[in-house]
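Q: Sharing a model that was predicted from the sequence below.
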Amino acid sequence: MQEAKQAAKDLEMPGAAFDESSALLANQAKSAAALVSERFHELRRGISAGNVALRVMSLFAAGLMILDGFFAFFSLLSFSPLRALIEIYVFLAGLVALTVEATLDWERLAFFQEVLRHKANFLYLMTGRGSFYIFFGTLIFAQWPVPYDVLVGAYLVAVGITMIAAGRQA
């Protein structure tokens, strides 16, 4: 009888150890899955943010859009209502681009970024931002006789093409 009890205990021990090790293995699998998920989301954020060179090019492009819209709107040399409207669009688009590209921890900026992420999610994709820059670059470039507009428009189109190419490779 004693031997039967000992044999029963021996049979229970491996089962208990198996349950314990399977629970430990399941916990490790869950933590590994959480880590992979976290790394995947970091990678997606990194791809959508772009590398440093693209970030600098984009910030410079946004600044050029703001300056172009501001100074061309207040230019007294040639005032045209259509040109003024285009310059307002370019100025506002520059502000939007600067908001998307900025990485500052300001509460107001975070609010606007969240609104843009919800309403214009394409701006948070490399190909979407590239298309945005190409559109406004051609809009500025279309104001042909002004050399500054031609240069800014060509730069924006170049940044847009670079961003689309980088987004396609990612």
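A: Cool, got the structure.
Q: quick one: low-confidence parts of this structure?
A: Along the chain, the model assigns pLDDT under 70 to residues 1-19, 21-22, 25, 29, 32, 36, 39-50, 76-78, 170.
Q: hmm, 90 instead?
A: For the chain, the stretches flagged by pLDDT under 90 are 1-55, 69-87, 101-110, 142-149, 166-170.
Q: Packing partners of the helix or strand hosting residue 61?
A: Residue 61 belongs to helix 52-73 when assigned by DSSP states H and E. Contact partners of helix 52-73 among helices and strands, from 3 or more CB pairs under 8 Å, 6 or more residues apart in numbering; DSSP states H and E: helix 81-101, helix 126-141, helix 147-169. For the C-beta atoms, the positions are set from N, CA and C on the backbone; glycine is no exception.
Q: mind giving me JSON lines with the ones you listed and columns for mean neighbour count and distance to residue 24?
A: Shown next, in JSON lines, are the helices and strands packed on helix 52-73 (neighbours: other CB atoms under 10 Å; distance: least, CB to CB, whole Å):
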{"stretch": "helix 81-101", "mean neighbour count": "17", "distance to residue 24": "45"}
{"stretch": "helix 126-141", "mean neighbour count": "21", "distance to residue 24": "42"}
{"stretch": "helix 147-169", "mean neighbour count": "18", "distance to residue 24": "41"}
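Q: who touches the spatially closest residue to residue 133 that is not a sequence neighbour in this structure?
A: Closest residue to residue 133 apart from its sequence neighbours, by CB to CB, 6 or more residues apart in numbering: residue 160 at 3.5 Å. Shown in contact with residue 160 (CB atoms under 8 Å, 6 or more residues apart in numbering): 129-135, 137.
Q: ok, of these, which one's closest to residue 68?
A: residue 137 (10.6 Å; CB to CB).
Q: picking that back up, pull out the buried positions in the helix holding residue 61.
A: By 16 or more other CB atoms under 10 Å, the buried positions in helix 52-73 come out as 54, 57-58, 61-62, 64-66, 68-69, 72-73.
Q: With distance to residue 111 added, can I get the helices and strands packed on helix 52-73 in JSON lines?
A: Shown next, in JSON lines, are the helices and strands packed on helix 52-73 (distance: least, CB to CB, whole Å):
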{"stretch": "helix 81-101", "distance to residue 111": "10"}
{"stretch": "helix 126-141", "distance to residue 111": "20"}
{"stretch": "helix 147-169", "distance to residue 111": "25"}
